[in-house]
Structures are given as C-alpha cells and as structure tokens.
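Visitor: Please work out how this folds:
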Amino acid sequence: MPVLAVDYGERRIGLAASDPFESMALPLAPVERSNREDDARRIAGIARERGIRELVLGLPLTLQGERGPSARKVEAFAELLRAALPEGTIHFMDERMTSAQANKTLIAADVSRKRRKQVVDGMAAALILETYLARKRRSHQA
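Guide: A predicted model of the protein is given here:
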C-alpha cells in the first residue's frame with residue numbers, strides 16, 4: 001500500500017508518494033500554502049485519490065534532537081490532518097537537513113535556481129519517505 005510523505009514548509013508543502021510496493025519514493029507537485037485547515041483538507045484529498053492511508057510527516061527537530069517551534073507547528077498540522085483523514089495513520093520522521101540535502105543534490109546536478117525552487121520540496125519529501133521506508137523494511141526483517 002503506498003505511503004505519502006509531507007514536508008510542511010512556510011510557503012509550500014512538499015509531497016512524495018511511494019509506489020504500491022513501498023520500494024521507492026516519487027516526488028509530487030508541492031501544495032502552495034493557503035491556511036492550515038485548507039492545506040490539511042487538500043493533502044487528505046490527495047491521499048484519498050491515491051488510495052493512501054499512511055502518511056509520514058517530516059519533523060524538523062533542532063540540531064540537538066529536540067522539538068522546537070517548527071516541530072510544534074508540524075505536530076499541530078498533523079492534528080488537522082488526522083481530522084481531515086480519520087482513516088489514516090500518521091507517523092513522524094526526523095527531517096533535519098533534508099531540504100539542504102535536496103538542494104545540494106540539485107546543485108550538483110546543475111539544475112537551475114528557478115527549477116530547484118520548483119522541485120526541492122518534493123525532493124525533500126522523497127528523502128523523508130525513503131528514510132521511513134528503509135526503516136520500515138529493516139524493522140520487518142528483524
């Protein structure tokens with residue numbers, strides 16, 4: 001069953017979906033932010049359209065691994081998502097440095113600044129999802 005990753009940002013929400021076998025993460029078009037309730041409903045709609053009931057939200061912990069103001073915003077958004085998608089399950093995944101890593105990868109691939117801005121959020125969400133899927137596979141093998 002596919003999984004949807006959510007990278008909750010200030011201006012855009014990055015999304016990535018797994019294939020049905022949960023073997024790879026595919027970046028999706030970002031959701032431009034409007035208000036938190038509408039954003040949660042839009043993401044729940046995307047999940048339903050794709051038959052997704054499992055979501056992974058990137059949790060921006062501090063470099064010390066603690067929950068700061070940004071992490072609390074994501075946790076509050078998760079509550080709105082739970083209300084918008086009550087049949088879904090939500091997990092959190094440490095997302096420290098995923099946007100920086102995505103940008104670095106895009107720069108190394110000589111992607112233009114304009115194009116990077118368009119795809120970095122989906123790539124960051126894909127990195128979150130790949131980490132989640134790898135951990136899930138390891139826990140099933142143990």
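
Visitor: What ranges does the protein have for its helices?
Guide: Counting by DSSP state H, one finds helices in the chain at the ranges 36-49, 69-84, 98-108, 113-141.

Visitor: looking at the protein, which helix or strand does the model trust least?
Guide: Using mean pLDDT, DSSP states H and E, the weakest-scoring helix or strand in the chain turns out to be helix 98-108, at a mean of 64.

Visitor: Residue 126 versus the residue nearest to residue 23 when sequence neighbours are not counted, what's the distance?
Guide: Excluding its sequence neighbours, the residue lying closest to residue 23 (C-beta to C-beta, 6 or more residues apart in numbering) is residue 133, at 7.5 Å. Quick note: C-beta positions are derived from backbone N, CA and C, even for glycine. As judged by C-beta to C-beta, to the nearest Å, residue 133 and residue 126 stand 10 Å apart.

Visitor: Overlap in contacts, these two.
Guide: residue 25 (C-beta atoms under 8 Å, 6 or more residues apart in numbering).

Visitor: Same drill for the two, tell me which one is more crowded.
Guide: residue 126 (25 against 21; other C-beta atoms under 10 Å).

Visitor: Nearest spatial neighbour of residue 130, chain-adjacent residues omitted?
Guide: residue 25 (4.8 Å).

Visitor: returning to what we had before: arrange the helices of the chain in JSON lines, one row each, with distance to residue 11 as further columns.
Guide: Listed next are the helices of the chain as JSON lines, based on distance: least, C-beta to C-beta, whole Å:
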{"stretch": "helix 36-49", "distance to residue 11": "11"}
{"stretch": "helix 69-84", "distance to residue 11": "13"}
{"stretch": "helix 98-108", "distance to residue 11": "12"}
{"stretch": "helix 113-141", "distance to residue 11": "9"}
